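Visitor: Need coordinates for the following:
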Amino acid sequence: METKSDSNVNKFVGRHLSQLKILSKLMEHELDAAKGGRELTLDRGTFENILDTLEIFIEDCEQATGGRGNDRARNDVKPAVARLN
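Guide: Model (predicted):
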């Protein structure tokens, strides 16, 4: 018998797997567009979208499982460098 907690987990996983399914289809399309060549060229916008999708998925899963959380926001803050003149 499925509990409400199980149902919430299934919805969470389903929503986030859909992001990866879309990403997978995009990458498959790009491979097909390369016409069987050994090299593949992605424009910067497509690559940024792929990276954003993966980062969102990772962050959401880490937060949901009690992982490290939002490391990206913490890593964006760079330490200040003191200059001695």
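Visitor: what about Asn49, how many neighbours?
Guide: Asn49 has 15 neighbours, counted by other C-beta atoms under 10 Å. Yep, even glycine has a C-beta here, placed from its N, CA and C like the rest.
Visitor: and it, how far is that from Gly36?
Guide: In this structure, Asn49 and Gly36 are 24 Å apart, going by C-beta to C-beta, to the nearest Å.
Visitor: If you drop the residues flanking it in sequence, what lies closest to the residue positioned nearest the centre of the chain?
Guide: For the chain, Leu54 is the residue whose C-alpha lies nearest the centre (C-alpha atoms, centre = their mean; 1.3 Å). In space, Leu54 comes closest to Leu23 once its chain neighbours are excluded; the distance is 7.2 Å by C-beta to C-beta, 6 or more residues apart in numbering.
Visitor: So the one you found: helix, strand or coil?
Guide: Remark: Leu23 carries the secondary structure label helix [criterion: DSSP: H, G, I helix; E, B strand; the rest coil].
Visitor: so who does it touch?
Guide: For Leu23, the contacting residues are 50, 53-54, by C-beta atoms under 8 Å, 6 or more residues apart in numbering.
Visitor: Alright, calling it a day.
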